[in-house]
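Novice: Test case, fold it:
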Amino acid sequence: MKRKEFRKLVSVEKAREIINSLQILPKKEGESLENACGKILAEDIVTEINVPPFSRSTMDGYAVKAEDTYACSETEPVRLRMLGNIPAGSDEQITVLGGEAVEIATGAPIPEGANSVVMVEYSSEEEDTVLIYRPVTVGENIMKAGSDILKGERVLRKGRKLGTREIGVLASVGKKEVSILKLHVGIISTGDELVLPGEILGKGQVYDANSYTLYAGVQECGAFPLLYGVVKDNETVMRKTLETAVSECTLILTSGSTSSGAGDIMYRLIDEIGETLAHGVNIKPGKPMVIGRIKGIPIIGLPGNPTSALMIFNEFVAPLLRKALEADTELKKIEKGIMGTDLRSEGRQQLLPVGLIRGRVYPADRGSGAITSLSEADGFIEIPSKVEFIEAGTPVEVTLFDEVAKPGLLIAGGFCPGIDVLEDLSGILFRTLYTGSSGGFSSIASKIADVAGVNMPFPSSKEQSGILYNIPAIKNMGLSGVVLIKGYRRDVGLIVRQESTISGLSDLPGKRLINRNMGSGTRALLELEIAELINEKGINKKEFTDSIPGYFSGAKSEVAICEAVLSGKADAGIGKRNCAEKNKLKFIKFAEEEYDFLVRKEVLGTHEVRRFLETLNSKEFTSRLPIGLQVYERTGEMLPFE
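Specialist: I've put the predicted structure just below:
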């Protein structure tokens, strides 16, 4: 057979350009949760429920009113009347009043009226009475509804590869089936010398490694590999196998038979029944690579040498697959980093889930408050039992769970749909920690977060009019080395049912209100607006607020507020226009608040923050903001605090 020489070798850059131009379009398909592991999400997953869906006990003990326990001690316990028992899964309706307690199991719903749980270790029973020997604080040993995942929160982003943690998240929000991207990749190994693993090797034969390494590589990228076995160096058989693969696959990978030897057939077949785009790349190893198309289906011929084939796959094919599946991840197992915050160990051997952000390592435990949840962990660090404290800046090695989709920014603070728009338009992956404005300031002060979304209002001085946002908080906390970047405005008001007769704050007395939680900017703004209202009307503030049932409540999210109004548990709530309109509720605006971004000065010059700011100031961001959010003349203005 006549030998055919390589065409002119193309550069690595040119080869990459050709490969990136190939049209590889995955299909969307529904997949059951039990079969979704390893697949790529075709769309964002936005939860329709809170997790947990109700406030529940984290300990076995007694549900009580915390104020009933404040005066107790080990020598002088408080005596509370026992009302009954609430096991996990119970739907029994019990209301706890002052001087009463209910026995409660771990995971059981908190009864109405109770605001804390006393651990069973600090109690004893005498007939129908429980003795409490240790005081508790409000919220102690209670996991509030939505404290893990909030209704309306995007828990998984389109393009995310589904692993064990993601499957757990999907199950916890009630997803039985998800939409995945399906991309079939055919794998053909060629050569008379190849034998399948498990068979007996003959003289001059070797086991076929490429089929299996490429199969695993394709799977790791989230695509669907199809094996066509070992094809001998026979033109008729090879042509038939290629034609079958072309009819069944979106992309075909071959290995072997790509050189210019007399027995190398693959490159000639591509020429004859399709189109060769490149034959030979100026790279070592991997020179014999072939790029072509057959009936519109891309085909990439890899070298037969297993090491060369895998090198070329990782360099060219894997990025192509991840790009087609919108899953731009790196395939690594160990990554070095430095601790981004001080960490106190438990004094025993520990495998600690962590997140990685630009080489900085943070605990991913929900309890630490550093990262939102285990689903956002990238891997774990192993802490020996003798290590009790790890100082910020200490080098550590992270064992990765699987592919790492590296976040570019850690953002804390108050929840806002505008942050999702910034993430989508900037092309930067955010890791978000919704702590409320107060938590955002604290996260910047402790150098955990890069950016905090804050909306904390303060009354202006006598010389000024209106409300000041965020600057007083920075000064009160003595923060330095930070920059406040003015963001955008958000409509704030009352959220009521469509048929409601409430028209403003002055109509709230006698109406059931669901307020936002303490520490949130929205609640602080309501306080200021009410202060202005009672000033105008010359009424007593305490009398006014006491006349509003639920004024001292504290919902963690606007979603919870909308649900309470929709269900009729509340007549009005406090929130943003966007949330009200999503839930088809009436919105009565009483203010525009300023939602700003507090940035640590040391990260201001990073690519990620620069891109964040470019996006904030872009016309596309302005046009994509949800209703009730709008930029204004100060958007993007930078105020440094030395």
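Novice: close enough to count as contact, Val387 and Leu343?
Specialist: No. Using Cβ atoms under 8 Å as the test, Val387 is too far from Leu343 to be in contact (9.4 Å). (C-beta placed from N, C-alpha, C; glycine too.)
Novice: between those two, who's got more neighbours?
Specialist: Neighbours were counted for Val387 and for Leu343 using other Cβ atoms under 10 Å; Leu343 has more, 24 against 15.
Novice: Show the backbone phi and psi for Thr137.
Specialist: Thr137 adopts backbone torsions of phi -100, psi 160, taken as degrees, to the nearest 10.
Novice: Only the buried residues of the helix ranked longest in the chain, if you could.
Specialist: Secondary structure of the chain read by DSSP state H shows that its longest helix is helix 521-537. For helix 521-537, a neighbour-count test (16 or more other Cβ atoms under 10 Å) marks 521-526, 528-530, 533-534 as buried.
Novice: Tell me how far that helix lies from the chain's centre.
Specialist: From the chain centre to the centre of helix 521-537 is a distance of 35 Å (Cα atoms, centre = their mean, to the nearest Å).
Novice: Mind giving me the packing neighbours of that helix?
Specialist: helix 436-445, strand 457-459, helix 541-546, strand 572-576, strand 586-600 (3 or more Cβ pairs under 8 Å, 6 or more residues apart in numbering; DSSP states H and E).
Novice: What angle do strand 586-600 and it make with each other?
Specialist: 120 degrees (axes from the mean of the first three to the mean of the last three Cα atoms, to 10 degrees).
Novice: Provide the contact partners of helix 521-537 at residue level.
Specialist: 414, 436-437, 454-459, 467, 492, 505-506, 515-517, 540-541, 544-545, 554, 574-576, 590-591, 593 (Cβ atoms under 8 Å, 6 or more residues apart in numbering).
Novice: Show the buried residues in the residues you listed.
Specialist: Counted by 16+ other Cβ under 10 Å, the contacts of helix 521-537 give 414, 436-437, 454-458, 467, 492, 505, 515-517, 544-545, 554, 574-576, 590-591, 593 as buried.
Novice: Quick check: which element contains Arg322?
Specialist: Element membership for Arg322 (DSSP states H and E) is helix 318-324.
Novice: May I see the buried residues of the helix or strand that comes right after that helix?
Specialist: Sequence order places strand 334-339 as the next helix or strand after helix 318-324, per DSSP H and E. Of the residues in strand 334-339, 335, 337, 339 count as buried by neighbour count, 16+ other Cβ under 10 Å.
Novice: Ok, stretch 309-322 next?
Specialist: 309-313, 315-322.
Novice: which helices and strands sit right next to the host helix or strand of Ile187?
Specialist: Here Ile187, judged by DSSP H and E, is contained in strand 184-190. Judged by 3+ Cβ pairs under 8 Å, 6+ apart, strand 184-190 is in contact with helix 210-220, strand 224-231, helix 235-248, strand 251-255.
Novice: can you do 10 Å?
Specialist: Under the contact criterion of 3 or more Cβ pairs under 10 Å, 6 or more residues apart in numbering; DSSP states H and E, strand 184-190 touches helix 210-220, strand 224-231, helix 235-248, strand 251-255, strand 297-302.
Novice: Just the C-alphas of that strand, formatted as CSV.
Specialist: What follows is strand 184-190 as a C-alpha-only set of coordinates in CSV (Å, rounded to 0.1, in the frame of the first residue of the first chain):
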residue,chain,number,x,y,z
HIS,A,184,-22.9,10.6,22.6
VAL,A,185,-19.2,10.1,21.8
GLY,A,186,-18.2,7.0,19.8
ILE,A,187,-14.8,5.4,20.7
ILE,A,188,-13.0,3.2,18.1
SER,A,189,-9.6,1.6,18.7
THR,A,190,-7.8,0.4,15.6
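Novice: tilt between it and helix 235-248?
Specialist: Using the same axes, to 10 degrees: strand 184-190 against helix 235-248 is 170 degrees.
Novice: so what strands line up beside strand 184-190?
Specialist: Its sheet considered, strand 184-190 pairs with strand 224-231 (parallel), strand 251-255 (parallel) by DSSP bridges.
Novice: Now do the buried residues in the first one.
Specialist: With burial defined by 16+ other Cβ under 10 Å, the residues of strand 224-231 counted as buried are 224-226, 228, 230-231.
Novice: which residues does Arg138 contact?
Specialist: Careful, residue 138 is Val and not Arg. When contacts are counted by Cβ atoms under 10 Å, 6 or more residues apart in numbering, Val138 touches 65-67, 115-116.
Novice: Go through these and flag which are in strands.
Specialist: The strands, defined by DSSP state E, take in Ser116 from these.
Novice: From the contacts of Val138, keep the buried residues only.
Specialist: Buried among the contacts of Val138 by 16+ other Cβ under 10 Å: 65-66, 115-116.
Novice: of all those residues, which comes closest to Thr615?
Specialist: Comparing those against Thr615 with Cβ to Cβ places Asn115 closest, at 41.7 Å.
Novice: and the closest one, what does it touch?
Specialist: 55, 63-67, 96, 136-140, 142.
Novice: Quick check: it vs Glu67, distance?
Specialist: Distance of Asn115 to Glu67, given as Cβ to Cβ, to the nearest Å: 8 Å.
Novice: Could you do Phe54 as well?
Specialist: 23 Å.
Novice: what's the answer for Leu425, then?
Specialist: Leu425 is 48 Å from Glu67, by Cβ to Cβ.
Novice: What of Lys323?
Specialist: In terms of Cβ to Cβ, Lys323 sits 58 Å off from Glu67.
Novice: now swap in Ala216 and tell me
Specialist: In terms of Cβ to Cβ, Ala216 sits 60 Å off from Glu67.
Novice: burial measure for Val396, as a count.
Specialist: Using other Cβ under 10 Å, the number of residues around Val396 comes to 17.
Novice: Contact partners for the nearest residue to Ile299 once chain neighbours are set aside?
Specialist: Among residues not flanking Ile299 along the chain, Ile252 sits closest, at 4.4 Å (Cβ to Cβ, 6 or more residues apart in numbering). By Cβ under 10 Å, 6+ apart, the residues touching Ile252 are 184-188, 226, 228, 241-242, 245-246, 270, 292-294, 297-301.
Novice: Need the residues touching each of Asn115 and Glu67.
Specialist: Joint contacts of Asn115 and Glu67 (Cβ under 10 Å, 6+ apart) are 136-138.
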